[in-house]
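J.: Attaching a predicted model along with its sequence, questions to come.
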Amino acid sequence: MNGKKRPTIYDLAEMTGFSVGTVNRALNGKTRIKEETRRLILETAEKVGYKANPAAQGLHRNPMKIGVVMFCPVFAYVNDIGNGILSAAHDLEKYNVEVVLRQLSYTNSHQCVLDTLDILRTFREEGVSGVVVYHSCASGGEVELLRTEIDGMIEDGIPVCTIANDIPDCKRIFHVGINAYMAGQMAAELLSLTSGGRDVAILTHSRESEVNSKYLKGFFDFAGDDKFSSVHLYEHYDEKELVLRKTERMIGENPNLAGIYMTTASSTDACLHLRQMGKTGFRIITTDLLPETPEILRDGTASAVIFQNPWRQGRNAIRSLYDYLLTKTTTEDHSISPEIIISSNLNAYLL
């Protein structure tokens with residue numbers, strides 16, 4: 001055999017002279033096989049360094065169920081994550097894996113957290129193998145409720161991972177998200193090229209949001225004390241009416257404003273509101289590729305977009321959780337590098 005080729009169950013069958021079914025029974029400790037046959041097959045497998053393919057084994061195991069619960073006030077963003085999850089779920093169907101997706105209709109963060117807790121408890125009662133959680137805007141005591149429930153599931157042997165916005169200090173096994181610190185640095189650098197030495201502002205969810213705090217740290221670390229004359233921060237909690245009011249307030253309070261960084265998917269609402277108000281001419285860096293994004297890039301309302309690839313985040317979360325459930329091997333966090341979209345490369349990102 002070629003030493004670089006990973007030996008398969010078919011190689012073992014050929015080397016030992018037994019059928020693939022007999023080799024499979026020996027490797028998996030099944031009955032209806034002579035002990036001397038089992039010993040020969042196992043010794044041969046060890047000699048050639050055979051390792052079972054976990055995915056192939058999954059074809060013969062009991063069904064596995066992965067539960068997913070998500071909520072976000074920006075439907076287009078959470079829907080992209082959901083599509084990535086469903087893509088991975090489709091690929092895993094042949095391995096007896098079922099992905100149960102619960103995407104909540106957004107009302108308010110408090111109610112969505114309560115509904116999430118109910119779904120997590122239902123998942124626990126149904127005996128799911130693992131769980132994925134995405135919340136975009138829980139804060140304070142709401143985060144504590146999620147942390148307590150997730151920690152309880154981990155203690156009960158149900159692995160949990162998070163997507164996009166992490167839950168700090170909980171016992172989740174890994175997190176899949178954007179490199180938010182890098183995204184903040186990129187936004188600061190882009191604005192410094194066009195609005196350096198002038199007033200800029202940031203529209204964000206809140207300082208205490210895990211992912212938004214990293215955007216802010218990246219931005220301010222890059223900006224330092226000398227990139228801009230001042231940086232004004234406005235928090236809107238991704239509540240649409242508050243996004244619009246804070247956008248108006250930002251413009252009214254800062255007559256010399258030259259650039260704006262919008263850290264969340266609510267950025268399209270803010271951009272469209274600025275255009276409706278007739279307040280254009282700012283250098284605006286937005287976040288995520290949403291249905292309205294091509295329009296605001298092409299007409300110059302926004303200068304650039306920090307793309308976070310939510311589809312890939314959702315897909316990676318399911319695939320990584322599945323791998324963990326098969327191998328029980330510690331999985332590191334998955335940090336996706338952000339990308340810059342401008343009008344000239346926009347078409348490459350559109351389906």
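T.: Thanks, I have the structure now.
J.: check contacts around the nearest residue in space to Glu292 that is not next to it in sequence.
T.: Nearest non-adjacent residue to Glu292, counting by Cβ to Cβ, 6 or more residues apart in numbering: Thr268, 4.3 Å away. Any C-beta I mention is one placed from the backbone N, CA and C, and that applies to glycine too. Thr268 is in contact with Thr286, Leu290, Pro291, Glu292, Thr293, Ile296, counting by Cβ atoms under 8 Å, 6 or more residues apart in numbering.
J.: worst-scoring helix or strand of the protein, pLDDT-wise?
T.: Across the helices and strands of the chain, mean confidence by mean pLDDT, DSSP states H and E is lowest for helix 54-58: a mean of 57.
J.: Quick check: the gap between the residue nearest to Glu292 and Tyr106.
T.: Separation of Thr268 from Tyr106 (Cβ to Cβ, to the nearest Å): 16 Å.
J.: hmm, back to that, just the ones in strands from the contacts of Thr268, please.
T.: Under the assignment DSSP state E, the contacts of Thr268 contribute Thr286 to strands.
J.: all helices in the stretch 201-350 of the chain, in order from the N-terminus.
T.: 210-223, 240-253, 267-277, 293-298, 310-327 (DSSP state H, counting those that start in this stretch).
J.: Can you verify my assumption that Val128 contacts Val100?
T.: Yes. Here Val128 reaches Val100: they are 7.4 Å apart, a contact under Cβ atoms under 8 Å.
J.: Looking at those two, which one has more neighbours?
T.: A count of neighbours by other Cβ atoms under 10 Å puts Val128 above the other of Val128 and Val100, at 22 against 16.
J.: and that one, what does it touch?
T.: Lys65, Ile66, Gly67, Val100, Ile158.
J.: Quick check: which element contains it?
T.: Following DSSP states H and E, there is no helix or strand that holds Val128.
J.: which of the contacts of Val128 sit farthest apart?
T.: Val100 and Ile158 (13.4 Å; Cβ to Cβ).
J.: shared neighbours of the two, which are they?
T.: By Cβ under 8 Å, 6+ apart, the residues touching both Val100 and Ile158 are Phe123, Val128.
J.: Wasn't Lys94 part of a helix?
T.: Yes. Counting by DSSP: H, G, I helix; E, B strand; the rest coil, Lys94 is part of a helix.
J.: pLDDT (mean, whole number) over the host helix or strand of Val69?
T.: For Val69, the host element (DSSP H and E) is strand 64-71. Throughout strand 64-71, pLDDT has a mean value of 96.
J.: can you check stretch 107-125 too?
T.: Mean predicted lDDT for stretch 107-125 stands at 95.
J.: starting at the chain centroid, how far to that stretch?
T.: Centre-to-centre, stretch 107-125 and its host chain are 19 Å apart (Cα atoms, centre = their mean, to the nearest Å).
J.: could you list every residue that touches the closest residue to Tyr324 other than its chain neighbours?
T.: Spatial nearest neighbour of Tyr324, chain neighbours left out: Thr331 (4.8 Å); criterion: Cβ to Cβ, 6+ apart. Residues in contact with Thr331 (Cβ under 8 Å, 6+ apart) are Cys161, Ile173, Phe174, Ser320, Asp323, Tyr324.
J.: looking at this, the first one is in a helix?
T.: It stands for Cys161. No. Counting by three-state DSSP, Cys161 is not part of a helix but strand.
J.: Could you measure from it over to Phe174?
T.: From Cys161 to Phe174 the distance is 5 Å (Cβ to Cβ).
J.: overlap in contacts of the two?
T.: Joint contacts of Cys161 and Phe174 (Cβ under 8 Å, 6+ apart) are Ser320, Tyr324, Thr331.
J.: what pairs with the residue nearest to Gly127 when sequence neighbours are not counted across the strands?
T.: The shortest distance from Gly127 to any non-neighbouring residue, by Cβ to Cβ, 6+ apart, is to Lys65 (7.5 Å). Judged by DSSP bridges, the bridge partners of Lys65 are Glu98.
J.: ok, Lys65 touching Arg124?
T.: No. Lys65 is beyond contact range of Arg124, at 11.7 Å (criterion: Cβ under 8 Å).
J.: quick one, phi psi at Pro73?
T.: phi -70, psi -20 (degrees, to the nearest 10).
J.: Kindly tell me how buried the closest residue to Ser109 other than its chain neighbours is, as a neighbour count.
T.: Among residues not flanking Ser109 along the chain, Cys137 sits closest, at 4.9 Å (Cβ to Cβ, 6+ apart). Counted by other Cβ under 10 Å, the residues lying close to Cys137 total 24.
J.: give the contact list for Cys137.
T.: Cys72, Pro73, Ser109, Asn165, His205, Ser209, Tyr237, Asp238.
J.: Leu190 now?
T.: Leu190 touches Arg283, Ile285, Ser303, Ala304, Ile340, counting by Cβ under 8 Å, 6+ apart.
J.: ok, and the most crowded of the residues you listed?
T.: Ile285 (28 neighbours).
J.: could you measure that one against Val133, distance?
T.: 29 Å.
J.: ditto for Tyr261
T.: 27 Å.
J.: what does Leu104 give?
T.: Leu104 is 11 Å from Val133, by Cβ to Cβ.
J.: Likewise for Leu297?
T.: 32 Å.
J.: go on, Asp118?
T.: Using Cβ to Cβ, Asp118 is found at 13 Å from Val133.
J.: Since that was my last question, I'll sign off now.
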